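**Student:** I need the structure of the sequence given here:
(chains A and B)
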2 protein chains.
Amino acid sequence: MLEKFQRHIEVNFPIVNKKNLLIACSGGLDSVVLTHLCVQCNLNITLAHCNFKLRGAESDGDEIFVKQLAEELNVEYVSVVFDTLKEVTEHGGSVQMVARKLRYEWFETVLDERKLDYILTAHHADDALETFIINLSRVTGIDGLSGIPESNGKILRPLLPFSRQKILEYAKSKRLKWREDSSNSDSKYLRNKIRMDITPKLKELHPTFLNNFLMTQTFLSQSKTVLENRIKEVKEKVFKEKGDTVKVRIADLKALQPLEMYLYGLFKGYGFTEWDDVKSLLDAMSGKEIHSNTHRLLKDRDFLLLRPKQEKPEAIFFIDENKERIEAPIPLHIETTAEFEKLDGSIVFLDKEKLNYPLTLRKWKKGDYFYPLGMQGKKKLSKFFKDEKMDVFSKEAQWLLCSGEEIVWVIGKRADERFKIDGNTTQIVKITYLI
Amino acid sequence: MLEKFQRHIEVNFPIVNKKNLLIACSGGLDSVVLTHLCVQCNLNITLAHCNFKLRGAESDGDEIFVKQLAEELNVEYVSVVFDTLKEVTEHGGSVQMVARKLRYEWFETVLDERKLDYILTAHHADDALETFIINLSRVTGIDGLSGIPESNGKILRPLLPFSRQKILEYAKSKRLKWREDSSNSDSKYLRNKIRMDITPKLKELHPTFLNNFLMTQTFLSQSKTVLENRIKEVKEKVFKEKGDTVKVRIADLKALQPLEMYLYGLFKGYGFTEWDDVKSLLDAMSGKEIHSNTHRLLKDRDFLLLRPKQEKPEAIFFIDENKERIEAPIPLHIETTAEFEKLDGSIVFLDKEKLNYPLTLRKWKKGDYFYPLGMQGKKKLSKFFKDEKMDVFSKEAQWLLCSGEEIVWVIGKRADERFKIDGNTTQIVKITYLI
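**Tutor:** Below you'll find the model as predicted:
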């Protein structure tokens, strides 16, 4: 195995020679063998161990084991302890996902601090096959079947072509010691079941099943690249960005064949993995909206509008009497003037005596109404928005200038009759929306 | 099951209503259930049975069984007997492939003769899963994993969403009879092994494993469509057809990423499924050639030249003295003339007395030489071709006009010194290559 590993490194990872490598070392069979192989190849390695505190004394035992391994092999060692369950409680997600996130974020930090170049993980061919089968058991597509790449940015997986069997044989022949993980999480349970019941039977179907499988994954992964490039091309054509909103003509989407495949590819990056939801939206009533964890997708007449979810709660901003300029939430210039110029959407002239300071800036709420300048009587803001053909996103983006509870100016759109300049006005306030 | 089948037909195959359907009926469980379900749905069916004569009396028993089934159900029946092994001996291929070809060709004939509209086959979800696993055990790609479509031209597979288990339960609940196939071909052996050892364990991984799998195949098949469209686009750009030869600029190919994936996609239709052979050819010496079963692919300096294999052996064509015009293998016009015009690549003037009739037309062979007009001495034809920068395909396409063994004219390229007009010429033969 050592010779094959050496050759594999020379041919496929010539770059690691003379580089500083971090080995993600749990203390388990795979990472211990990877560590030994790297030492045999005279690579410059640092062992990095994460103690996730998920298995009490056993977790601590793993940490001590890896530390001793580093001492025996006379290589650098670095470790960290995480309160994984606390993280899960505070931020949500599965234990596995959280641990994964913690691990890779920490690796990045270690790379930075210790001036290391690459992270090596001990994923092997059987891991890849098990993941393939787990994904197959759920609904998946080419993404879930094409596997993890041998190298992906700073992460290298030099054991990927090797079977668990070969790794175990090597460990035994060299009388290596490693730690067994006694836990049995859902994911481990599934993997164990696959490892016991399924993969041995699959391997009986063909003498080089595992190699064939890796080759198949390589082909799938190449197909995936072509698909992704195609999706990117289409996206550049049909996704029109405007500020933080993306506008997509529904007719452009419907022209794509096969539609489901394109909808999935185009919107998965925004968290919409259920393409049938997106598909239904194409023919839904205008105003219908669906949400992913991160984004909102709105049908607005002939378009879909895509937008990140607002995370900050809506606030009220105050404008004091002496203020001449504000920047947040929108830039306004305020001055007292004697001149009353021609009206313009971005400028409003108000009778100062009719205003109650501080003025406020806020978003609209249900039941809001105002007295549109030049019109008789009041109008519901929702009706005004509708007449202006404003979509949900535009309505949400609309700021209102208020005096007490009364709307003074639907900013940039329409002033209110009640605050207008008249024969009795002595002081004019001119407010400019600095678009 | 009947209700689900009925709904499935209504939703996914509304077209079959009032149409005439051929059911491919082996007499086995699946096709017997399909037949019964179709009868229950009042579809217009004809049972078609192929007797491949591969299992002696058992084969004949199947045939009788299906005939009786048709009588009991009062539906049309048609059958055929094939000498499958004889076909295999005569034309090669695996028994399975040959039987498949015979079957579908015959179905097409029956459709034609009996004015039927569609062929229904009894492929079900477990068949699809088994095929997926068989292909996975070999090296495959998205083609081998995306499965057979529910409808493909005239072939419909309305049992595809149903499991073998459901089909068996239906057959038992209705006390249907069917024939068991006692044979154990390689392919059946593999399928049985997968059916016994692997698929039951896979199904334990997820409560709706089989449905998830079918959904995954649908996604893969959509991805495949996008890929195929992309390959088609690229092909239209880089494959330049000229007669029966396709010329491809190597630089255009090398610009494609991922190259392997594109080489596979672009050349698989010509029988080149080993993309690494094609890849090696890109950087091979000019003149290097690889062959598929149907095509030849030649590296010619900056290009690949692709061409169907010639099936006819090279022939010699005779031109009698009185002949004025020939069409095959190339069109030539021959006349006796007194005028000696300006030379032109497509015309040659010969001294009739120097010729031995009948003249012949043949392709070149190793060792050929001639005396190029206007040059001193003889020249090997291979050297002449090289100086003319002719590729292998052009050389093979080149016809030679000969008098006995002597080359008179490398047609369209160069005449021979020995047959030229001189001071003693009394009769001039003018031959025109009618390009």
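
**Student:** Stretch A:130-142: which residues count as buried?
**Tutor:** A:Glu130, A:Thr131, A:Phe132, A:Ile133, A:Ile134, A:Asn135, A:Leu136, A:Ser137, A:Val139, A:Thr140, A:Gly141, A:Ile142 (16 or more other CB atoms under 10 Å in any protein chain shown). For glycine as for every other residue, the C-beta is placed from the backbone atoms N, C-alpha and C.

**Student:** For the strand ranked longest in chain A, name the packing helices and strands.
**Tutor:** In chain A, with assignment by DSSP state E, the single longest strand is strand A:44-51. In terms of contacts (3 or more CB pairs under 8 Å, 6 or more residues apart in numbering or on different chains; DSSP states H and E), strand A:44-51 is packed against strand A:20-24, helix A:29-40, helix A:56-73, strand A:76-81, helix A:95-113.

**Student:** can you rerun that using 10 Å?
**Tutor:** Strand A:44-51 sits against strand A:20-24, helix A:29-40, helix A:56-73, strand A:76-81, helix A:95-113, strand A:118-120, with contacts defined as 3 or more CB pairs under 10 Å, 6 or more residues apart in numbering or on different chains; DSSP states H and E.

**Student:** who wins for proximity to chain B among the ones you listed?
**Tutor:** Across those, chain B has its closest neighbour in helix A:95-113 (17.0 Å, CB to the nearest CB).

**Student:** For that closest one, name the packing helices and strands.
**Tutor:** Counting by 3+ CB pairs under 10 Å, 6+ apart, helix A:95-113 packs on strand A:20-24, strand A:44-51, strand A:76-81, helix A:84-91, strand A:118-120, helix A:186-193.

**Student:** wait, which of the ones you listed is closest to B:Glu180?
**Tutor:** With distances scored as CB to CB, the stretch of these nearest to B:Glu180 is helix A:186-193 (32.1 Å).

**Student:** Show me what counts as buried in the very next helix or strand once past the closest one.
**Tutor:** Once the chain leaves helix A:186-193, the next helix or strand it forms, by DSSP states H and E, is helix A:199-204. By 16+ other CB under 10 Å, the buried positions in helix A:199-204 come out as A:Thr199, A:Lys201, A:Leu202, A:Lys203.

**Student:** restrict these to those near chain B?
**Tutor:** Contacts with chain B within the buried residues of helix A:199-204, counted by CB under 10 Å from any CB of the partner chain: A:Thr199, A:Lys201, A:Leu202, A:Lys203.

**Student:** any idea how far the second one is from A:Ile290?
**Tutor:** Think A:Lys201. Distance of A:Lys201 to A:Ile290, computed by CB to CB, to the nearest Å: 42 Å.

**Student:** Please apply the same query to the third one.
**Tutor:** The span separating A:Leu202 from A:Ile290 equals 39 Å under the rule CB to CB.

**Student:** The last one now?
**Tutor:** According to CB to CB, A:Lys203 and A:Ile290 sit 43 Å apart.

**Student:** for the first one, same thing?
**Tutor:** Counting by CB to CB, the gap between A:Thr199 and A:Ile290 amounts to 39 Å.

**Student:** chain center to the longest strand of chain A: distance?
**Tutor:** 27 Å (CA atoms, centre = their mean, to the nearest Å).

**Student:** in its sheet, what does it sit against?
**Tutor:** Partner strands and pairing direction for strand A:44-51 (DSSP bridges) are strand A:20-24 (parallel), strand A:76-81 (parallel).

**Student:** C-alpha coordinates for it, PDB please?
**Tutor:** Below are the C-alpha coordinates for strand A:44-51, written out as PDB (Å, rounded to 0.1, in the frame of the first residue of the first chain):
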ATOM      1  CA  ASN A  44       5.700  17.900   6.400                       C
ATOM      2  CA  ILE A  45       2.600  17.200   8.500                       C
ATOM      3  CA  THR A  46       0.800  18.700  11.500                       C
ATOM      4  CA  LEU A  47      -1.800  16.500  13.200                       C
ATOM      5  CA  ALA A  48      -5.000  18.400  14.000                       C
ATOM      6  CA  HIS A  49      -7.500  16.800  16.400                       C
ATOM      7  CA  CYS A  50     -11.000  18.100  17.300                       C
ATOM      8  CA  ASN A  51     -12.500  16.900  20.500                       C
END
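
**Student:** Could you list the buried residues of it?
**Tutor:** Going by 16+ other CB under 10 Å, strand A:44-51 has these buried residues: A:Ile45, A:Thr46, A:Leu47, A:Ala48, A:His49, A:Cys50, A:Asn51.

**Student:** Likewise for stretch A:66-85?
**Tutor:** A:Val66, A:Lys67, A:Leu69, A:Ala70, A:Val75, A:Glu76, A:Tyr77, A:Val78, A:Ser79, A:Val80, A:Phe82, A:Thr84.

**Student:** And stretch A:222-234, by the same measure?
**Tutor:** Going by 16+ other CB under 10 Å, stretch A:222-234 has these buried residues: A:Gln222, A:Ser223, A:Lys224, A:Val226, A:Leu227, A:Arg230, A:Ile231, A:Val234.
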